[in-house]
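Asks: next comes the sequence, and after it the predicted model I'd like to discuss.
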Amino acid sequence: MATAPIRLSERSFSASARPAWLWLAGRSAMLVALYYAVALWGLVFTPDAHGIPLVWPATGVGLAFVYLYGWSLLPALGIAAGLVTWRFTGTMMPLPEAIGTVGATLAGIALGARALHHFGFSPRFERLRDVGLLLLVGGLAASGLAATVGAWGIAVGTETLRFSDTWWLCWMADLMGLMLITPVLMTWLGAPMVRPAEHTYTKGAMLIGALGLVSLVVYSGQLSAPLAMPLSYAVFPLIMLAALRCPVQVTTTLMLAAGTIALSGTGWGLGPFADMGLGKSLLSLNAQLGLLVLTGLVLSALRGEREAAEARARQHLEELARAGRLSTLGELSAGLAHELNQPLCVLTSYAQASKRLLERGQLDALRDALIQLDAGAHRAAETVRQMRAFAAGQSPERVAIAPTDLLKPVLDLLQPEFRRCKVELDRSIPPRLPRVRVAPVQVEQVLMNLLRNALEALEGRSGARIQLWVDRTGRELAITVRDNGPGIPPGRLASLFDPFATWKEGGMGLGLSISRSLVESHGGQLTAANVPEGGAEFRFTLPMEDARART
Ligand code: ADP
C-alpha cells in the first residue's frame, strides 16, 4: 500500500484564504479545549481514589485531530496532555515522569495517525476495513501506548496498585472513549456531507429525539433496574436505522449522544447499571456501548460497500452502453455515408435543375427548386446532427405530428426522382388520421430509404408504379410502400434487414437495417413481403400519440 505522508489536509488550506498560522492557531485551540473538556468529563468516571478513569475520550480526540490535520498539531496536543496530567496528578507526579507520560501519549497518537494514513484509512467509514483499522490502530497504537504509560504512572505513584492490575483498565477506558468520539470527529471534520437530501435532517432530528427520549427515560433513575435494563437496549434499533438510512455523520452523532447520556447517568449513580458499583457498572456499560458502536459502524460500512458496488455496477453498465455505441460508430459512419448519399443525390438534381431553369429564365420554377434545395440541405444537416447525438447517447426530441406532415417533405424531395425514373406514385392518405409522436427526421429517413429502394428496383421497367398508403390498425398507424418491381428473391427475405446485406451494385446494405432500428426505437415494427402479383411491399408501424400517452 502506498504511504500517504501525514500533512495538513489540502482542504484546510485551499478552502480558505486565511494565513496558515491563523488556521493552525484555530485548530490548536480547538484541540486543547476539546481534549481538556473530555478529560474533565472522564473524571466523572473515576471509581476510586487511585484515579483510574473508566472512560477516557481524550486519546480519541487527539487521534482524530492529528490524523485529520497533521503533525503540526502535536505541540498543541502536548500542551493539552500536559495540562491534563498536571490537573490530575498535581505535584504527586515528579516532572520527568510527567514528561514521560505526555511524551508517550503523543507518541501513541502520532503512531496511530501515521498507521491510519499508511493503511489508507478513510474517515467516511464506507468500508469494513476502515472500522477494523480504527479499532486495530486505536487498540494497539493510540490506546495501547497511552494505557501502558498511564498504568505505569499509576503503579509508580501508588504502591497499592500493580501495573498488570491497572493496564487493561486504562486500555479499555482509552479504547471506549476513542470508539465514541473519534468517529464523530472524523466524519464531521474529515468527510463532510455532500448536499444531503432534505429529508435527511428530518430523519436525523427524529432519530436524535427518539434516542434522547429513550436514554433519558432509562437513565433518569425513575425506572426499576429490571425494567430499565432491557429498555437500555432500545437504542440498538435506532442506531441500526440510522446506519442503514442516514449519512454516517448522523449515526456517529447518535452513538456519541447515546454513550454520553448512558455514561454520565451511570457516573452519577443513575440507571440500570448504577447498582453494581461504579467499577463494575461502567465495565458492563462499556461492553454494551462497545457493541453499540460496533453495530453502528459495521452496518454503515456494509451499506457503504453495497452502495459502492451498486455505483460500480451502474458505471460499468454506462461504460458498456457507451462502448456499444462506439462499436456501432464504425457502422454508424458507414450509415452516415449511406443516409447522406440520398439527400445529396436529391440536392444535386435540384441544383442541376436550378441551373437549367436559370438559363431558361424560368424564375418562378427556379424559386421552387431553390426552396427544395434549401429544405434538402437542412435535412442533411439534421441527419448528421441526429447521428452525432446518437453517438453521444442522446435521443432526438419527439413531437406529435400528423402523418401527412411526415410524408409531404419526403415526397416533395423525391419528386424529381420519380419523374426521372418515370415511376408513377399512387398515394392514399386519409385526411383525418390521428397524430403520431415521433422524431420526424428519423421517420423521414425510413420513408426515404423505402421509396429510394423501390425506385431503384423499378429502374428501367415500363409501367413502374409505387403505391403509398397509410392505415390504422388498433392503436398504431401503418405506412406501406409497395412497388411492382421484381420483388425480393425468397432466399434473401430472412437476411434482408441484416447490416451490409446487399444485392445491388454499389449498394451498402445499410438502408433497411438502419430503418428497422429507427422504427423499433419508436416502438414500431418494419416488415417486408413479396406481393403475389409481383413486387415488394414494406410496411412499418408507429404508435399513435394518445396510445403512447396511455401506456
Ligand atoms: P442497399 O439499398 O444499400 O443495398 P438496403 O438495406 O436498403 O441496402 O437494401 C438491401 C437489399 O434489399 C437491396 O440490395 C435489395 O437487393 C433489396 N431490396 C430492398 N428494397 C427492395 C425492393 N423494393 N425490391 C426489391 N429488392 C429490394
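Replies: Yes, it's here.
Asks: going forward, measure contacts between C-alpha atoms and count neighbours the same way
Replies: Fine.
Asks: check what contacts stretch 293-304 and list those residues.
Replies: 125-128, 130-131, 179-180, 236, 239-240, 242-244, 248, 251-252, 255 (CA atoms under 8 Å, 6 or more residues apart in numbering).
Asks: mind doing that once more with 6 Å?
Replies: The contact list for stretch 293-304 (CA atoms under 6 Å, 6 or more residues apart in numbering) reads 125-128, 239-240, 243.
Asks: got it, and stretch 442-456?
Replies: 511, 515.
Asks: is it anywhere near the ligand?
Replies: Yes: counting by CA under 6 Å from any ligand atom, contacts between stretch 442-456 and the ligand involve 453-454.
Asks: start at 37 instead
Replies: Taking 37 as the first residue, the last one we looked at is stretch 478-492.
Asks: quick one on the thing from earlier: of the contacts of stretch 329-340 - the most surrounded one?
Replies: I275 (29 neighbours; other CA atoms under 10 Å).
Asks: gap between it and A401?
Replies: 81 Å (CA to CA, to the nearest Å).
Asks: could you list the residues of the protein in contact with the ligand?
Replies: Near the ligand, when you scan the chain using CA under 6 Å from any ligand atom, you find 489-490, 493, 523-524, 532, 537-540, 543-549, 572.
Asks: among the residues you listed, name the ones in helices.
Replies: 489-490, 493, 547-549 (DSSP state H).
Asks: strands of the stretch 287-436 of the chain, residue ranges please.
Replies: 435-437 (DSSP state E, counting those that start in this stretch).
Asks: gap between the spatially most central residue of the chain and the ligand?
Replies: The centroid of the chain falls nearest to A347 when counting by CA atoms, centre = their mean (5.5 Å). Remark: distance between A347 and the ligand (CA to the nearest ligand atom, to the nearest Å) = 40 Å.
Asks: from G340, how far out is that residue?
Replies: 10 Å.
Asks: what do you get for S551?
Replies: 45 Å.
Asks: compare the two (neighbour count), which wins?
Replies: Using other CA under 10 Å as the criterion, S551 and G340 rank with S551 on top: 24 against 21.
Asks: quick one: name whatever helix or strand follows the host helix or strand of that one.
Replies: For S551, the host element (DSSP states H and E) is helix 547-557. As assigned by DSSP H and E, the chain's next helix or strand after helix 547-557 is strand 562-566.
Asks: and the angle from that following strand to helix 547-557?
Replies: Orientation check (axes from the mean of the first three to the mean of the last three CA atoms, to 10 degrees): strand 562-566 against helix 547-557 gives 130 degrees.
Asks: distance between the helix holding S551 and the chain's centre?
Replies: 33 Å (CA atoms, centre = their mean, to the nearest Å).
Asks: what is the rounded mean pLDDT of that helix?
Replies: The average pLDDT for helix 547-557 rounds to 87.
Asks: how about stretch 274-287?
Replies: 92.
Asks: endpoint to endpoint, stretch 490-503 covers what distance?
Replies: 10 Å.
Asks: pretty sure A264 contacts V254?
Replies: Yes: here A264 reaches V254: they are 5.2 Å apart, a contact under CA atoms under 6 Å.
Asks: so for those two, which sits in the more crowded spot?
Replies: V254 (27 against 21).
Asks: show me where the stretch 337-486 of the chain has its helices.
Replies: Applying DSSP state H, counting those that start in this stretch to the stretch 337-486 of the chain gives helices spanning 399-427, 439-457, 476-494.
Asks: tell me which of those is the most buried.
Replies: Burial of the helices of the stretch 337-486 of the chain is given as mean neighbour count (mean count of other CA atoms under 10 Å); helix 476-494 ranks first at a mean of 21.
Asks: what's downstream of that helix, the next helix or strand?
Replies: Criterion used, DSSP H and E; the element after helix 476-494 is strand 501-509.
Asks: parallel or antiparallel, which strands does that following strand pair with?
Replies: strand 460-464 (parallel), strand 512-519 (antiparallel) (DSSP bridges).
Asks: contacts for the first one next, please.
Replies: Strand 460-464 is contacted by residues 501-505 when judged by CA under 6 Å, 6+ apart.
Asks: any buried residues in it, and which?
Replies: L461 (16 or more other CA atoms under 10 Å).
Asks: what's the angle from it to helix 439-457?
Replies: Using the same axes, to 10 degrees: strand 460-464 against helix 439-457 is 170 degrees.
Asks: wait, what's in contact with E512?
Replies: E512 touches 578-580, counting by CA under 6 Å, 6+ apart.
Asks: now, which of those sits nearest L176?
Replies: P579 (68.7 Å; CA to CA).
Asks: pairing partners for the helix or strand where that closest one lies, with directions?
Replies: Using DSSP H and E, P579 sits in strand 572-579. The strands that strand 572-579 pairs with in its sheet are strand 512-519 (antiparallel), strand 562-566 (antiparallel) (by DSSP bridges).
Asks: any idea which of those gets closest to H153?
Replies: strand 562-566 (61.2 Å).
Asks: how about W224: what's its closest non-neighbour residue?
Replies: Q285 (6.0 Å; CA to CA, 6 or more residues apart in numbering).
Asks: against the ligand, how distant is the one you found?
Replies: Distance from Q285 to the ligand, by CA to the nearest ligand atom: 60 Å.
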